[in-house]
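Student: Pasting the sequence and the predicted coordinates here, then a few questions.
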Amino acid sequence: MTAETLARIQYGTQTRDMIRAMLGTPSFAATFGDETWYYFWSQEMRFAFHLPAALERKVIAIHFNSSDVVREVSTYNLANGHTIKLVQRATHTPTGKKTSALQQLLGNVGRFSRPRKKEDGL
């Protein structure tokens, strides 16, 4: 995303549909309230078997008001970004046992009955 593209965003006049037409579908939308769209851009370098190293990263956050009009645009990069540590917990089955996909599929055989119809007298 270029500086010229960002300069075309007009506060207080452009709507979500106009931003989508100009920038495309956002990479991520805020989970609660859906008032912010995020566009991610990243350039990485990988050397042999090492983990990729970020050369450049940009996050554009477009904030909308309750009328779906652009309220604010924020830009983040590697210098002002934060690394988020992911949680590695797992959710197990109610019995505490780990089951494979095949066991889950076969475990549901016979658990469901056919839908009842008026003709059944119910």
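Tutor: Now that the structure is in, tell me what you want to look at.
Student: any idea which helix or strand of this structure has the worst average confidence?
Tutor: helix 101-107 (a mean of 78; mean pLDDT, DSSP states H and E).
Student: okay, the residue most central in space within the chain: pLDDT?
Tutor: Nearest to the mean C-alpha position of the chain, by Cα atoms, centre = their mean, lies Phe28 at 3.9 Å. pLDDT, Phe28: 85.
Student: try Thr95
Tutor: Per-residue pLDDT puts Thr95 at 65.
Student: Show the contacting residues for the nearest residue to Gly81 once chain neighbours are set aside.
Tutor: The shortest distance from Gly81 to any non-neighbouring residue, by Cβ to Cβ, 6 or more residues apart in numbering, is to Arg57 (6.4 Å). Just so you know, the C-beta spots here come from the backbone N, C-alpha and C atoms, and that holds for glycine as well. The contact partners of Arg57, by Cβ atoms under 8 Å, 6 or more residues apart in numbering, come to Phe40, Trp41, Ser42, Gln43, Asn77, Leu78, Gly81.
Student: separation between Arg57 and Thr36?
Tutor: Per Cβ to Cβ, to the nearest Å, Arg57 is found 18 Å from Thr36.
Student: Check Glu4 too.
Tutor: 23 Å.
Student: So which of the contacts of Arg57 are in strands?
Tutor: Mapping the contacts of Arg57 onto strands (DSSP state E) picks out Phe40, Trp41, Ser42, Gln43, Asn77.
Student: which stretches of the chain form helices?
Tutor: Along the chain, counting by DSSP state H, helices occupy 3-7, 16-23, 101-107.
Student: circling back: wouldn't the residue nearest to the centre of the chain be in contact with Val59 here?
Tutor: No. Between Phe28 and Val59 there is no contact under Cβ atoms under 8 Å: 9.2 Å.
Student: which residues are in contact with both of the two?
Tutor: Shared contacts of Phe28 and Val59 (Cβ under 8 Å, 6+ apart): Tyr38, Phe40.
Student: and Ser74, what are its bridge partners?
Tutor: On DSSP bridges, the residues paired with Ser74 through beta bridges are Ala61.
Student: residues in contact with it?
Tutor: Ile60, Ala61, His63.
Student: which residues touch the last one?
Tutor: For His63, the contact set (Cβ under 8 Å, 6+ apart) comprises Glu35, Thr36, Val70, Arg71, Glu72, Val73, Ser74.
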